[in-house]
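> Let me see the structure of the following:
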Amino acid sequence: MKKKAEEDSADDDAAAPPMGGDAAASDTDCHDVFLSFRGVDVASLPGWVTGSSSSTDDIRKLVKAIKVELKVVLRKDKEKELVGIDKQVEDMMDLLDLEVSDDIEKILMVSYEELSKEQKEIFLDIACLPADVDYRIASFMWHNPNFPLSDGIDALHVMSLVKIGKNNELGMHRLLRDFGQQIIRKEDDLHPGTRGRLCNLELAWKTEKMEGTDHLNFDARDFNSMLNIRFLILDCAKVVVTEDWGGWRKIKMPQLKVLNLTGCADLLISPDLSSFPDLEILILEGCSRLMKLDPSIRHLKCLTTLNLRFCDELNMLPIELGHMKALKELLIDGTSVQEIPMSMGYMEKLEIFNASNCLRLSHLPDSVGDLTALSELSLENAEITRIPDSVAKLVKLRILSLKDCRWIGRLPDSIRNLGNSLEELDITGTCISKLPNSITCLGRLKVLKIDSCLIRELPREIGNLVNLEELHASHCKSLKGAIPTAIKCLDRLRILRLGHSIISGIPSEIGSLSCLQTLDLLQCNRIQALPELPSSLTCLCVSSERMKTLPDLKDLVKLEEMCLGDKDPKELICPSTRMKPTSRSRDLLVVPIVLSKLKMLELSHSRIRELKLGHDSRSCTHLKKLVLSGVNLEIVPELPSSLSVLSIRHCLSLRQLPAVHYLRKLSELNLIQSVVEEIKGLQGLTALEILNITHCEIRNLNGLGQLRDLRSLILSDCDSLGGLPDISNLKMLNVLVVQRCRMIPDVKGLMELTSLEVLRVSECEAESTQQVQDALKLVMERSINS
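Residues are numbered from 1 along each chain as shown. Model (predicted):
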């Protein structure tokens, strides 16, 4: 019976309809997804015929066959290495919505049994942890001098049994999590009363229904049998936690490593923590009414992380902080702390101190120089006026961020002493007008950010920063003159941003920077010409009102993003500005773009008359985004079918677009201040989601009613547009704006738009029609009900 049930279940799963499109499209899509699937020869499975139209039965057989083969993929490979669920298998399992059947459990159990005892314990712990818990926090539960993390969680990660995300979130696939919890439940059944893990705090029997709430009320007795607990998160959306709650002093959890009280809005003072002597991580983030830390915090001799971020009312740190000799990470971002206690200097193991957006922090004590283990110091947006000279003693400091500390006017010359450690320096938005000569002693510096400063010039000895990889100096309005020729010594420079400055020249030596990938010179209006640029560039942005010639592009074969112009493209986007005739330049240009890797192209140059996108089928085949802004542009060639975004702005000489019916991937089309009268082939834009036509001379929108994927339609100031086709088929439309299109008499099909959330019809004949008025009422009702 059991086997029969499984067969029926497999048949039911196999009978699931394909995900969108016709049979032929499903075949093609499946081919793209499955051929890369490791361990499965999909092309040989029943029902798979590449390029042919499969029947529904064939597709069902194919899905069923893939499920069978998928189970094989989950087994150990030929080298007998442990196999978890990698990304491709995971995507497939989610697609097929597989559950932990007996077959899959047996396969996973083989891998589980090959884990060491310690690895099994870690695996089961993770199966019970909340989804996406911070890996760095959870890892404190598994500190064992005889069993390094590289043999534990790191090994599980390599085996694809757990995931570690970009933001250190620790994850586990649903099937693996269910499998782990099944093991835990079976162990509990075998040894009742000795449960070692609770995936949820099971205190439902203590619930008292309070008026207007569903909070859990509990006391210390509920934790009496949990002496070995290592990890405790109290969900403050369900649990009322205050400093005078009677349980804090009675709870005995000597092995507790992590206490997370994030978002406890009723907490005014941190609890008495003397009962948690081994606590290593304390998280009070988002306790918005917390005003004080209890003095018992001095007893936390093992505490390594204290997170007070966004405790808005906390305006002082206790002097007891000096007793926390093990503390490695102190986070007070977004608090109201006004000054740092002198005792902070005793925290000799502190590695990270973040105090960003402490808007009242006005002083940094000299004792900060005693934090000899400090590697990261972030004081962004603080009110401090100076950096103490003692910062020179921070010989392990790698990152120093003073971003938006607008009262800081200089860097101490003693910063030279950080030459063997400092890798990133950010003084963006400060009042610093001159970099100290000693900055060229920072031989290990990789990132220098001086955006929006009052800097007048770059140091002539900038070439001494031989490890520099990024130089950000955008929006430095006082930065002028030529860039020093010593820049040629920056062999590792990858990013150079000098946009919105008044520099007048780029040295020819820039061509020797073989690692340079990004060059940003937008709105550098004193630059007249560019020298030969390095072929390593992948992103080039240049605009200057005085630029006499366009840069030579023929050798920039790696370019993926390019913006060229004599105006800032953003300045040309003025929907409210009336179109005005412009004078033509005497020597207009024909610009050929033959860059096979190009993905984004923005042109806003008044001298460009004709654009040529390559000369063969291999040119610009990867172009995704095309933005054209140029008053004298007259001719645009056939557009590449790869486009997903097309914007035509302020092109007052461009009266005709090429047919667009073949742009099957186009999702966004913008026509702003254009004299184009018709969009030929509009009905072919089957993937279009956004259509914005503003200040245009467009006369008709034939084919609009066939754009079934359209989400947003904005028509503004189009006086020549005589009407709209029936739009009743636009079932996905969320936003419809029709304003100052005076000749549109009505909008047919409005009442059929079941997804409409925003409707504005104004200053046109259609505004007063009954259909528009009824549709406005319907949209308003939907908004109220939602």
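> Residue 118 reaches residue 151, doesn't it?
Yes. Shown here, residue 118 and residue 151 form a contact pair, counting by CB atoms under 8 Å, at 7.3 Å. Heads up, the C-betas are built off the backbone N, CA and C, glycines and all.
> Just to check, residue 314 is in contact with residue 335?
Yes. Judged on CB under 8 Å, residue 314 makes contact with residue 335 at a distance of 4.6 Å.
> So residue 452 versus residue 404, what's the distance?
Residue 452 is 9 Å from residue 404, where distance means CB to CB, to the nearest Å.
> what touches both of these two?
Any residue near both residue 452 and residue 404 by CB atoms under 8 Å, 6 or more residues apart in numbering counts here, and that gives 428-429.
> Tally up the residues packed near the closest residue in space to residue 704 that isn't next to it in sequence, please.
Distances taken as CB to CB, 6 or more residues apart in numbering put residue 725 closest to residue 704, at 5.2 Å, once the chain neighbours are dropped. Residue 725 has 17 neighbouring residues, counting by other CB atoms under 10 Å.
> any idea how far residue 725 lies from residue 399?
Separation of residue 725 from residue 399 (CB to CB) stands at 58 Å.
> coming back round to it: where do the contact lists of residue 314 and residue 335 overlap?
residue 308.
> List the residues that contact residue 360.
Contacts of residue 360 by CB under 8 Å, 6+ apart are 315, 336-338, 383.
> switch the cut-off to 7 Å
Counting by CB atoms under 7 Å, 6 or more residues apart in numbering, residue 360 touches 336-338, 383.
> Narrow those residues to just the buried residues.
Taking 16 or more other CB atoms under 10 Å as the criterion, what is buried in the contacts of residue 360 is 336-337, 383.
> Out of those, flag the one nearest to residue 172.
In terms of CB to CB, no member of the buried ones among the contacts of residue 360 lies closer to residue 172 than residue 337, at 37.2 Å.
> right, and the closest one touches residue 317 too?
Yes. If you go by CB atoms under 7 Å, residue 337 and residue 317 touch, sitting 5.9 Å apart.
> Pull up the overlap in contacts between those two.
Residues touching both residue 337 and residue 317 (CB under 7 Å, 6+ apart): none.
> What segments of the stretch 301-450 of the chain are helices?
Read by DSSP state H, counting those that start in this stretch, the stretch 301-450 of the chain holds no helices at all.
> can you give me the helices in the stretch 451-600 of the chain?
Shown for the stretch 451-600 of the chain, no helices are assigned by DSSP H, counting those that start in this stretch.
> Output the below-cut-off pLDDT ranges for it.
Scanning the stretch 451-600 of the chain for pLDDT under 70 picks out the ranges 567-589.
> quick one, strands of it?
470-472, 480-482, 495-497, 502-505, 518-521, 539-543, 561-565, 589-592, 600-604 (DSSP state E, counting those that start in this stretch).
> Show me what secondary structure element comes after the last one.
To tie it back to what came earlier, the one meant is strand 600-604. Downstream of strand 600-604, the first helix or strand assigned by DSSP states H and E is strand 608-612.
> the inter-axis angle of that following strand versus strand 561-565?
Angle, strand 608-612 to strand 561-565, by axes from the mean of the first three to the mean of the last three CA atoms, to 10 degrees: 160 degrees.
> Contacts for strand 608-612, please.
Outside strand 608-612, the residues touching it (CB under 7 Å, 6+ apart) are 588-593, 603, 630, 632-637.
> Please identify the buried residues of that strand?
Across strand 608-612, burial judged by 16+ other CB under 10 Å covers 608-609, 611.
> Could you do stretch 360-379 as well?
For stretch 360-379, the neighbour count (16+ other CB under 10 Å) marks 361, 364-365, 367-371, 374-379 as buried.
> What about the residues you listed, which are in strands?
Among the buried residues of stretch 360-379, the subset assigned to strands under DSSP state E consists of 376-378.
> Can you tell me which of those residues is closest to residue 134?
Nearest to residue 134 among those: residue 376, at 16.8 Å, using CB to CB.
> can I assume the closest one is in contact with residue 352?
Yes. Residue 376 is within contact range of residue 352, at 4.5 Å (criterion: CB under 7 Å).
> Find the nearest non-adjacent residue to residue 485, please.
Distances taken as CB to CB, 6+ apart place residue 507 nearest to residue 485, at 4.6 Å, with adjacent residues excluded.
> Am I right that the one you found is in contact with residue 481?
No. Contact between residue 507 and residue 481 fails when scored by CB under 7 Å: they sit 11.3 Å apart.
> Stretch 329-344: which residues count as buried?
By neighbour count on 16+ other CB under 10 Å, the buried set for stretch 329-344 is 329-337, 339-341, 343-344.
> can you check stretch 730-741 too?
Buried positions in stretch 730-741, judged by neighbour count with 16+ other CB under 10 Å: 730, 732-739, 741.
> what's the closest of the buried residues of strand 608-612 to residue 486?
Distance to residue 486 across those (CB to CB) is lowest for residue 608, with 35.0 Å.
> Using the three-state scheme, assign residue 776.
Here residue 776 is helix, with the state taken from DSSP: H, G, I helix; E, B strand; the rest coil.
> And for it, the neighbour number?
Neighbours of residue 776 using other CB under 10 Å come to 16.
> Can you tell me the SS state at the closest residue to it other than its chain neighbours?
Spatial nearest neighbour of residue 776, chain neighbours left out: residue 759 (5.8 Å); criterion: CB to CB, 6+ apart. Classification of residue 759 by three-state DSSP places it in strand.
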